[in-house]
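Trainee: Pasting the sequence and the predicted coordinates here, then a few questions.
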Amino acid sequence: MKVFYLLGILGLFLISCSSEKGEPADLIFTNGIIYTVNESQPTAEAVAVKNGMILAVGTAEEIEIHKAENTEVIDLQGNTMTPGIIESHAHLMGIGYNKLELDLMYVKSYEELVEKVEEAIAKAKPGEWITGRGWHQDKWIEKPEKLVKGFQTNDKLNAVSPENPVYLSHASGHAAFANAKALEMAGISNLKGERPGEVEGGEIILDELGNPTGILSEKAAGLVAKLIPAETPERAEQALTLALQELNEKGITSFHDAGSGQNVIDLIQKFKNEGKLTVRQYVMLTGTQPSLLEEWYQKGPMIDSTDHLLTVRSIKLNCDGALGNRGAWLLEDYSDRPGHRGHETLPMSVVSEVSEKAIPAGFQVCSHAIGDRANQEILDRYEAAFGNFPDSKNLRFRIEHAQHIHPDDIPRFGALGVIAAMQAIHLSSDRPWAIDRLGEKRIIDGAYVWQKLMQTGAVVTNGTDAPVEPVDPIPSFYASVTRKTLQGLPEGGYEGDQKMTREEALKSYTLDGAYAEFEEDFKGSIEVGKAADFTIFDRNIVEIPEDEILETKVAMTVVGGKVVYSKK
């Protein structure tokens, strides 16, 4: 017994000696609730960081050994820390420009929209363009007296803007509202007998007399949009600065930019070189520029394996519209517009062509699909491309939104390894009126079916599609676990069997997001050897009652061990 006793004393002595030699940390986070999204160690009390990477995870006592003279200790003050939030589908420059233009996201009526335009015109020069984004006719508390195909007409808008062209993007980004001046400049002010309202991949909404109402759906919006003066480099830098600031404040540490050109990539690179890039960027090349894609096929992906701040290895294709403007491409007619099935905004042959060029070049393909027809067609093209390259594995092709899927196609996501890059907040915002578009059966069988997709083995990521919705992850997290509107309705949520658990929702916003950009070994969970990217919330989003989730605020954002935002 004495021998065992002495060995025990010796063991404690050795542990004590070794504890004095813990590798010194640059930074220690302690005194909080830490959710790691690491199955082998789900929670912790403290985390040590060195050189921007996680050095140790454990109890406060275990982490104490890494405290040295120069170690900075951040007291979490009982707040909740998670892996850094990853926004898996949004539009970086759109977030910034939204702050420089008319923000129409919160207007409650057509009259309020007109008032905002009138205020902007009072400050503008004659002939100067008035641009904005965010209106959504189905979210107005009061509908206009005159509606054509479910949309307002531009009569009242014209009355306040006779000299200034006006172009206002729909919240979805899949339609626009233009005044008579802008339509006249585009040569579409009078279509009587000249050309039909249908254009390839879109529609000019006409009234009963054949006059344009100002609503331009899908590709028709480009007839006016192309006339808006090009952005200046100075304004682009201002927009990017504002976007990064917004992401920092909302706890976003990594961002998937859903479709940009070389100009945006170059601007992000400039910010990186100047030390101003405070959010990791995963940029999808826009599929609207075929020559750009050809250039990148030749040179291959740009993978930032050193700083992990700017990677370009995916391609974004826009294949249909949105439910809000009845542009989503459906297998059957819209319930509230018989004879109409939406728009194929990109020939499906392009999806095949891009997929077959992307695979050998090392690029991921991310295709926008909201309607069940679009989802089915894209899955068909992906499957065929995969079959042509049987030796290529781990491709991680994605469908962006995957909002409405035919029941027969749901299992294909898991079987093919296709990622469903979804935005839970769309359920909160769209579900109350989406049932009018699709009817009850299609909604229940295949709309916003998070659990059905995950049960097939598919990875489901989360995000906001900002500036379609605010980039704040809290409302989307709330929607994920409640399936309610932000007003808390209905009781039990819409199709409650599809709710995510709190843990699933957090994973969809962290580790699954990292997986969707091939970075799950570098970030997405709080584990030794991974990046010190953290989001700190002022409430325990995993444990608090669901009606308190929306009151949660970001207290701190940390990227690579650097605090990029701290709530004052």
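Mentor: Cool, got the structure.

Trainee: Pull up the distance across stretch 243-261, start to finish.
Mentor: Terminal residues of stretch 243-261 lie 17 Å apart, using C-alpha to C-alpha, to the nearest Å.

Trainee: Give me the buried positions along that stretch.
Mentor: 243-260 (16 or more other C-beta atoms under 10 Å). Placement of C-beta: from N, CA and C, glycine included.

Trainee: cool, stretch 270-279 as well?
Mentor: Buried-residue list, stretch 270-279, by 16+ other C-beta under 10 Å: 271, 277-279.

Trainee: Tell me which helix or strand residue 412 sits in.
Mentor: Element membership of residue 412, judged by DSSP states H and E, is helix 410-416.

Trainee: and residue 483, how far is that from residue 175?
Mentor: Look at residue 483 and residue 175: by C-beta to C-beta, to the nearest Å, they are 26 Å apart.

Trainee: Now for this protein, the helix or strand with the poorest mean pLDDT.
Mentor: helix 2-19 (a mean of 44; mean pLDDT, DSSP states H and E).

Trainee: Test my guess that residue 79 contacts residue 554.
Mentor: No. With contact defined as C-beta atoms under 8 Å, residue 79 and residue 554 do not form a contacting pair (9.8 Å).

Trainee: Show me whatever sits in contact with both of those two.
Mentor: Common neighbours of residue 79 and residue 554, using C-beta atoms under 8 Å, 6 or more residues apart in numbering, are 536-538.

Trainee: one step back: neighbour-wise, which of residue 483 and residue 175 wins?
Mentor: residue 175 (28 against 23; other C-beta atoms under 10 Å).

Trainee: if I pick that one, what's in contact with it?
Mentor: Residue 175 sits next to 151, 169, 215-218, 221, 321-322, 324-325, 327 when contact means C-beta under 8 Å, 6+ apart.

Trainee: JSON lines for the shared contacts of residue 79 and residue 554, including distance to residue 293, pLDDT and secondary structure?
Mentor: Output for the shared contacts of residue 79 and residue 554, formatted as JSON lines (distance: C-beta to C-beta, whole Å; pLDDT from 0 to 100; DSSP: H, G, I helix; E, B strand; the rest coil):
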{"residue": "536", "distance to residue 293": "39", "pLDDT": "98", "secondary structure": "strand"}
{"residue": "537", "distance to residue 293": "39", "pLDDT": "98", "secondary structure": "strand"}
{"residue": "538", "distance to residue 293": "44", "pLDDT": "98", "secondary structure": "coil"}
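
Trainee: Quick one: distance of stretch 433-449 to the chain centre.
Mentor: The chain centroid and the centroid of stretch 433-449 are separated by 22 Å under C-alpha atoms, centre = their mean, to the nearest Å.

Trainee: Please save the CA atoms from it in CSV.
Mentor: Listed next in CSV are the C-alpha coordinates belonging to stretch 433-449 (Å, rounded to 0.1, in the frame of the first residue of the first chain):
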residue,chain,number,x,y,z
TRP,A,433,-47.8,34.2,-48.0
ALA,A,434,-45.9,31.3,-49.8
ILE,A,435,-48.9,29.0,-49.2
ASP,A,436,-50.9,31.2,-51.6
ARG,A,437,-48.2,30.6,-54.2
LEU,A,438,-47.9,26.8,-53.8
GLY,A,439,-51.0,25.6,-51.9
GLU,A,440,-51.0,23.5,-48.7
LYS,A,441,-49.9,20.1,-50.1
ARG,A,442,-46.8,21.4,-51.9
ILE,A,443,-45.8,23.5,-48.8
ILE,A,444,-46.1,20.5,-46.5
ASP,A,445,-44.5,18.0,-48.8
GLY,A,446,-41.5,19.9,-49.9
ALA,A,447,-41.0,23.5,-48.7
TYR,A,448,-38.3,24.4,-46.2
VAL,A,449,-37.9,20.7,-45.3
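
Trainee: Quick check: buried residues in that stretch?
Mentor: Applying 16+ other C-beta under 10 Å to stretch 433-449 flags 433-435, 437-438, 442-449 as buried.

Trainee: between these, which is closest to residue 46?
Mentor: Of all those, residue 448 has the smallest distance to residue 46: 37.7 Å, by C-beta to C-beta.
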